[in-house]
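Novice: Give me coordinates for this.
(one chain, ligands or ions: 1)
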Amino acid sequence: MSERKYRITTSCPQCGCSGTSHLSEKELKKRYGDVPNIELECHECMMVMEADVEEGGGKEK
Ligand SMILES: [Zn+2]
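Specialist: Predicted structure coming up:
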């Protein structure tokens, strides 16, 4: 019953904004597909940046 959770961290090099969002594995795959690197568009300046995905919220290895 445990679903993996991921933390997606973004920090825009251009305008300096940053954000963190939490998604489950299912949501992550639905939105971004099964890719190792996720690219997101900054909603402030529309620059495309690479997001940092960390597994979190579950049990530690
Ligand atoms: Zn930005």
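Novice: Counting by contacts, list what the helix or strand containing K29 packs against.
Specialist: Per DSSP states H and E, K29 falls inside helix 25-32. With contacts taken as 3 or more C-beta pairs under 8 Å, 6 or more residues apart in numbering; DSSP states H and E, helix 25-32 sits against strand 5-11. The way it works is simple: take the backbone N, C-alpha and C, and place the C-beta from them, glycine included.
Novice: next structured bit after the helix holding K29?
Specialist: Proceeding N to C from helix 25-32, the next assigned helix or strand is strand 38-41, under DSSP H and E.
Novice: For that following strand, what is the distance to the chain centroid?
Specialist: Put simply, strand 38-41 sits 8 Å off its chain's centre (C-alpha atoms, centre = their mean, to the nearest Å).
Novice: Let me see the mean pLDDT of that strand.
Specialist: Taken as a whole, strand 38-41 has a mean pLDDT of 89.
Novice: ok, residues contacting that strand?
Specialist: Residues from elsewhere that reach strand 38-41 (C-beta atoms under 8 Å, 6 or more residues apart in numbering): 8, 10, 32, 47-51, 53.
Novice: low pLDDT regions in the chain?
Specialist: For the chain, applying pLDDT under 70 flags the ranges 1, 57-61.
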